[in-house]
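> Okay, predicted coordinates and the sequence, questions at the end:
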Amino acid sequence: MTDTLSKSLKSTEHELSWASRGLKGNSAEDVKELCDDIEQFNQLIALRLEGNTINEAAATAIGIALEKHSEIQRLIWNDLFTTRLKTEVPQSLIKLTQGLMTNGAHIVEINLSDNAFGPIGVKGLESFLCSSACFTLEELRLNNCGMGIDGGKLLAEALITCHKNSQGKFALKQFVAGRNRLENEGAQALSKAFE
């Protein structure tokens, strides 16, 4: 039964899905099987981790496993920090993405929706969004993250920096940031990122 379920979660031959397994990653040991799957996966284009929860120690282990995959393009990590304190999320995001900034990855999709991480969570994404790994970003989904005005401003600055650093190659096609309490100020800041 477990093997059948595991196979059904792989929706494409280049996608590793650990979606909705209820994984509680509180340590590197808790995510060892996931990390082994990542490391052994041939041509990993998409990684689905939604419906699980991880802390910084687990994120560090996953990030190290991801370093080996410069071919990865899609990070589907919505609903990944359930039960975590907002203060835990920035370091977890940094650890998850650190290796992708230096391994030559070209990310086209990031989905971090339904991770109520607030403005502090955007801080964990700043460096990654400004890096060459995100120059190819086409889809950014941050729906229902509770970013607020400050998070909207931080995100806008990161997107503007990415566009500048990419020398105009950055061409985001889909951006979703509903249910974030951006208010006028946050929305206006983001509008400058899309001028």
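Looks like it came in fine. All values reported here derive from a predicted model rather than from experimental measurement.

> List the contacts of the top helix by length along the chain.
Secondary structure of the chain per DSSP state H: the longest helix is helix 148-165. Contact with helix 148-165 is made by 118-123, 125-126, 129-132, 134-135, 137, 142, 145, 147, 170, 172, 177, 180-183, 185-187, 189-190, 192-194, as judged by CB atoms under 8 Å, 6 or more residues apart in numbering. (Glycine included, C-beta is placed from N, CA and C.)

> Show the average pLDDT along the helix or strand that comes right after it.
Remark: after helix 148-165, the chain's next helix or strand is strand 174-176, criterion DSSP states H and E. With pLDDT averaged residue by residue, strand 174-176 scores 98.

> just checking, Asn143 touches Gln174?
No: taking contacts as CB atoms under 8 Å, Asn143 lies outside contact range of Gln174: 11.3 Å.

> quick one: which of the two has more around it?
Neighbour tally, Asn143 and Gln174, criterion other CB atoms under 10 Å: the higher count belongs to Asn143, 15 against 10.

> State the number of residues packed around Arg179.
Arg179 has 15 neighbours, counted by other CB under 10 Å.

> again with Asn42
8.

> And the one 5 residues further on, by the same measure?
Counted with other CB under 10 Å, the neighbours of Leu47 add up to 25.

> show me what contacts it?
Residues near Leu47 by CB under 8 Å, 6+ apart: 15-16, 18, 38, 66, 72, 74-77.

> Point out the ones among those residues that are inside strands.
15-16, 74-76 (DSSP state E).

> so where's the chain shaky on pLDDT?
Judged by pLDDT under 70, the chain has its weakly predicted residues at 1-11.

> all strands for the chain, in order.
Along the chain, counting by DSSP E, strands occupy 15-17, 24-25, 46-48, 53-54, 74-76, 109-111, 139-141, 174-176.

> could those strands go into CSV alongside distance to Val31?
As requested, those are arranged in CSV below (distance: least, CB to CB, whole Å):
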stretch, distance to Val31
strand 15-17, 13
strand 24-25, 4
strand 46-48, 12
strand 53-54, 7
strand 74-76, 16
strand 109-111, 19
strand 139-141, 23
strand 174-176, 27
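
> Name the stretch among the ones you listed that sits most buried.
Among the strands of the chain, the stretch with the highest mean neighbour count (mean count of other CB atoms under 10 Å) is strand 53-54, at a mean of 24.

> how near is the closest residue to Ala105 other than its chain neighbours to Ile107?
Using CB to CB, 6 or more residues apart in numbering and skipping residues adjacent in sequence, the residue nearest Ala105 is Ala133, 4.7 Å away. According to CB to CB, to the nearest Å, Ala133 and Ile107 sit 5 Å apart.
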